[in-house]
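A.B. asks: Structure for the following, please:
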Amino acid sequence: RSAALAGRALEESNEQVARLRSELAQQQVVIRDLDSARVDLLREKHAAYRERGSLASRLRGLEEENTAAARQTQRLTRLARDCMAQAAARTSRGTSEAGSC
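C.D. replies: Predicted coordinates for the structure are as follows:
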């Protein structure tokens, strides 16, 4: 009788071991999936950092172009103002001098 009880206990223990192994295998699959997702996210993160750097560089270039264009606009505005002042001076003198600014 005790041999039968011991056999039954051994059988239950073996079933429990089999269930635990199955659960462990499922957990290992989940861990692999999570690791794979983590690697994908790290790749995306690094790609985003590279893109951010590229965009920052492009932005600096555009800002430099914008600054140069603003300086050119100011220079042309001064030239136009000087030209109009010269034309007004000629007109007030009553002369029709031909010339360019």
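
A.B. asks: Could you use CA atoms for every contact and neighbour count after this?
C.D. replies: Will do.

A.B. asks: who's in contact with Ser92?
C.D. replies: By Cα atoms under 8 Å, 6 or more residues apart in numbering, no residues touch Ser92.

A.B. asks: Looking at it now. What's its pLDDT?
C.D. replies: Note for Ser92: predicted pLDDT of 84.

A.B. asks: sec struct for it, please.
C.D. replies: What DSSP: H, G, I helix; E, B strand; the rest coil gives for Ser92 is helix.

A.B. asks: Going by residue numbers, what spans are helices in this structure?
C.D. replies: Assigned by DSSP state H, the chain shows helices spanning 2-93.

A.B. asks: what stretches of it score poorly on pLDDT?
C.D. replies: 95-101 (pLDDT under 70).

A.B. asks: Now with 50, please.
C.D. replies: Within the chain, no stretch falls below the threshold (pLDDT under 50).

A.B. asks: From His46, how far out is Val39?
C.D. replies: 11 Å (Cα to Cα, to the nearest Å).

A.B. asks: I am finished for the moment; much appreciated.
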